[in-house]
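A.B. asks: Provided below are the primary sequence and the corresponding predicted coordinates.
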Amino acid sequence: TSQLWLPAAVETPQPVASGEFQALSEVARHKTPDDCWMAINDQVYDLSNYLPDHPSEPEVIVAWCGREASEAYRTKMKGRAHSARADRLLAAYRIATLTP
Ligand code: HEM
């Protein structure tokens, strides 16, 4: 009797867990205000929920969704650093480490 050959079941994609590595190419897929990741100082942040709270014109920060934003964060694009409070906020949105 002939047997059907079937491929192994496709693995279910795993949700991103904190501590995993993500490539910049993956960060780049999350580039809208509703789904906004950024790579900052070798860490990956999901800032989707923070964007509405950011105290600037939305486009100032939205422009960096999906991108390597270390310098933008470091300078606010105006030669001025974010506060320690901002640094603590940022830490709360970390989802992964950037692929080395
Ligand atoms: C990466 C792109 C970003 C840019 C270009 C940017 C730029 C700015 C600008 C222009 C201001 C207005 C007030 C000022 O000029 O001092 C500001 C304030 C602020 N931003 Fe951002 N920002 C960015 C990302 C973030 C992120 C990711 C966070 C935290 C999760 C954050 C937290 C804050 C806070 C708390 C303030 C109030 C002032 C302070 O505490 O430094 N920003 N930012």
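C.D. replies: Yep, it's here. A quick note: this is a predicted structure, and the numbers were derived from the prediction, not measured. Numbers count the residues shown, from 1 in each chain.
A.B. asks: could you pick out the longest helix of the chain?
C.D. replies: In the chain, assigned by DSSP state H, the helix with the most residues is helix 84-91.
A.B. asks: with only the CA atoms kept, save it in PDB.
C.D. replies: Below are the C-alpha coordinates for helix 84-91, written out as PDB (Å, rounded to 0.1, in the frame of the first residue of the first chain):
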ATOM      1  CA  ALA A  84      17.400  59.600  34.500                       C
ATOM      2  CA  ARG A  85      13.600  59.300  34.800                       C
ATOM      3  CA  ALA A  86      13.400  58.700  31.000                       C
ATOM      4  CA  ASP A  87      16.200  56.000  31.300                       C
ATOM      5  CA  ARG A  88      14.100  54.200  33.900                       C
ATOM      6  CA  LEU A  89      11.000  54.400  31.800                       C
ATOM      7  CA  LEU A  90      12.900  53.100  28.800                       C
ATOM      8  CA  ALA A  91      14.200  50.100  30.800                       C
END
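A.B. asks: which parts of it are buried?
C.D. replies: In terms of neighbour count (16 or more other C-beta atoms under 10 Å), helix 84-91 has its buried residues at L90. Using the backbone N, CA and C atoms, a C-beta is placed for each residue, glycine as well.
A.B. asks: wait, does that helix contact the ligand?
C.D. replies: Yes. Under the criterion of C-beta under 6 Å from any ligand atom, the ligand is reached by helix 84-91 at R85, A86, L89, L90.
A.B. asks: which non-adjacent residue is nearest the third one?
C.D. replies: Meaning L89. Y50 (7.0 Å; C-beta to C-beta, 6 or more residues apart in numbering).
A.B. asks: equivalent analysis for the last one, please.
C.D. replies: Spatial nearest neighbour of L90, excluding adjacent residues (C-beta to C-beta, 6+ apart): Y45 at 6.4 Å.
A.B. asks: cool, and T32?
C.D. replies: For T32, the spatially nearest residue (C-beta to C-beta, 6+ apart) is C65, at 6.3 Å.
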